[in-house]
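Asks: here is the input, now give the coordinates:
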Amino acid sequence: MSKVYFKRVEDKDYKKLSDAAKELFEILVKEDGHEFSKVVPIKVHFGEKGNDTYVPSDCYLGVIDSLKSRGVDSAYIETNVLYRGARTTAESHKAIAKDHGFTQLPVIIADGEYGDSYTEVEINKTYFKSCKIGKAFDDYDQFVVMSHFKGHGSAGFGGALKQLAMGFGSRGGKLAQHSGISPVVNPKKCITCGLCVDKCDVDAITMDDVAFIHSDKCVGCAGCIAVCPVGAITNDWSENDFKEKIAEYAYAAQLGKNNIYVTYLINVTKECDCNGQHMDLIANDIGVYVSKDPVAIDTACLDMLQNEHGEKLFEDGRESIVHALKIGFGSNQYELVEI
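Replies: Below is the predicted model:
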């Protein structure tokens, strides 16, 4: 049974949320005997341009301070998104981070400028033999994974598991979770500029009247999506077995890492922070959770949200938890320690 530490904060006071995260973090460190490496990056989500319900940077200050007091260096770490938007390239992604107030630490975009820098992590599970994880994650043996628990149209909910799976996955890793291995070309949009052909390192794209991606050669890095100037190359978003694939990518992302997980159950919206617009809140704020087990912390958040809201919000997201247990990852049995 895994321990999940919890403190209730219901009034959108970001100083209280920051202090609560720091208090729980330090309790876990002491109880667990956790030993820190010299450098421990903080995995975050900066929020899409136009979104106003992501967890603001002020909420991270307590954990940053706790690391600093122990002589631990840190940085914010993220990966580029699969879709075309303000976080498609490292340069624009860092600009959004700055605009949203994430200036307290250096920013690392783990999968490079175009999201095609990755390492293969072998797992040999049901859907994936290996997973494409952002290359810079190789440089560290532990992270503080800080997540926002809210809804997600395809995953059911987004929490620690999704923060690991999508957040650590390179652009090609995100593509693999969402669908098959190859992007597709919209012939009506293609302007035959040839940038995708030049970008492809495995010669999987040829150009005739329009670009054509050869699925037998494509390795799913999705770099072509990032460089196409007119958005003619996209993921097909078929999302077969998406929730189970999230569990397997989350497993790959934490394999061999000594992580601490911090989750904020606040600003609960139907969709995730990648949605670049204002979204209405659908539940009351509850508080902050800290654990060493990402499956347990997601289960605790989902259970408490459902118990206090009076309905089965995001219940379909439990499929990721079920598959995580099936592959021997984490526990849905937890001891909730309220502080």
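
Asks: so, low pLDDT: which residues of the stretch 101-250 of the chain?
Replies: Within the stretch 101-250 of the chain, the stretches with pLDDT under 70 are 180-181, 219-220, 236-239.

Asks: check which helix or strand covers Glu113.
Replies: Following DSSP states H and E, one finds Glu113 outside all helices and strands.

Asks: and the nearest residue to it once chain neighbours are set aside, how many neighbours?
Replies: Closest residue to Glu113 apart from its sequence neighbours, by Cβ to Cβ, 6 or more residues apart in numbering: Ala90 at 4.5 Å. The way it works is simple: take the backbone N, C-alpha and C, and place the C-beta from them, glycine included. Number of residues near Ala90 (other Cβ atoms under 10 Å) recorded here: 22.

Asks: what of Ile109?
Replies: If you count neighbours by other Cβ under 10 Å, Ile109 ends up with 24.

Asks: follow-up on the earlier one: from Tyr140, how far off is the residue nearest to Glu113?
Replies: Distance of Ala90 to Tyr140, given as Cβ to Cβ, to the nearest Å: 18 Å.

Asks: on that earlier part again, okay but the residue nearest to Glu113 is in contact with Gly112, surely?
Replies: Yes - in terms of Cβ atoms under 8 Å, Ala90 counts as a neighbour of Gly112; the distance is 6.5 Å.

Asks: just checking, Cys301 touches Lys150?
Replies: No - Cys301 lies out of contact with Lys150 (Cβ under 8 Å); the separation is 9.8 Å.

Asks: okay, and the common contacts of these two?
Replies: Residues touching both Cys301 and Lys150 (Cβ atoms under 8 Å, 6 or more residues apart in numbering) are Phe157.

Asks: what about these two, which has more around it?
Replies: Higher neighbour count among Cys301 and Lys150: Lys150, with 30 against 26, using other Cβ under 10 Å.

Asks: tell me the contacts of that one?
Replies: Residues near Lys150 by Cβ under 8 Å, 6+ apart: Thr53, Phe157, Gly158, Asn267, Val268, Thr269, Glu271, Cys272, Asp273.

Asks: can we see that at 6 Å?
Replies: If you count contacts by Cβ atoms under 6 Å, 6 or more residues apart in numbering, Lys150 has them with Gly158, Val268, Thr269.

Asks: ok, it to Lys270 distance?
Replies: 8 Å.

Asks: cool, and Gly173?
Replies: Taken as Cβ to Cβ, the span from Gly173 to Lys270 is 25 Å.

Asks: show me which of the two is the more surrounded one.
Replies: Between Gly173 and Lys270, counting by other Cβ under 10 Å, Gly173 is the more crowded of the two (32 against 16).

Asks: what residues sit buried inside the helix or strand harbouring Glu308?
Replies: Using DSSP H and E, Glu308 maps to helix 294-309. Going by neighbour count (16 or more other Cβ atoms under 10 Å), the buried part of helix 294-309 is Pro294, Val295, Ala296, Ile297, Asp298, Thr299, Ala300, Cys301, Leu302, Met304, Leu305, Gln306.

Asks: please apply the same query to stretch 74-89.
Replies: Quick answer for stretch 74-89 (16+ other Cβ under 10 Å): 74, 76-89.

Asks: go on, stretch 106-116?
Replies: Along stretch 106-116, these residues count as buried under the neighbour rule (16+ other Cβ under 10 Å): Val107, Ile108, Ile109, Ala110, Asp111, Gly112, Tyr114, Gly115, Asp116.

Asks: which strands or helices does the longest helix along the chain pack on?
Replies: Secondary structure assigned by DSSP state H gives helix 14-32 as the longest helix of the chain. Using 3 or more Cβ pairs under 6 Å, 6 or more residues apart in numbering; DSSP states H and E, the elements in contact with helix 14-32 are strand 2-8, helix 61-69, strand 287-291.

Asks: so what strands line up beside the first one?
Replies: In other words, strand 2-8. Partners of strand 2-8 in the sheet, by DSSP bridges, are strand 287-291 (antiparallel), strand 334-338 (parallel).

Asks: follow-up on the earlier one: among the buried residues of stretch 106-116, which one lies nearest to Lys189?
Replies: Among the buried residues of stretch 106-116, Tyr114 lies closest to Lys189 (Cβ to Cβ), at 19.2 Å.

Asks: where's that closest one relative to Lys326, distance?
Replies: Distance, Tyr114 to Lys326, by Cβ to Cβ: 34 Å.

Asks: before we move on, back to that, adding mean neighbour count and distance to Gly33, write the helices and strands packed on helix 14-32 out as JSON lines.
Replies: JSON lines is the format used below for the helices and strands packed on helix 14-32 (neighbours: other Cβ atoms under 10 Å; distance: least, Cβ to Cβ, whole Å):
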{"stretch": "strand 2-8", "mean neighbour count": "21", "distance to Gly33": "13"}
{"stretch": "helix 61-69", "mean neighbour count": "18", "distance to Gly33": "16"}
{"stretch": "strand 287-291", "mean neighbour count": "28", "distance to Gly33": "15"}
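
Asks: so can I have CSV of the ones you listed showing mean pLDDT and distance to Phe128?
Replies: Conversion of these to CSV gives the following (pLDDT from 0 to 100; distance: least, Cβ to Cβ, whole Å):
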stretch, mean pLDDT, distance to Phe128
strand 2-8, 98, 24
helix 61-69, 98, 31
strand 287-291, 98, 25
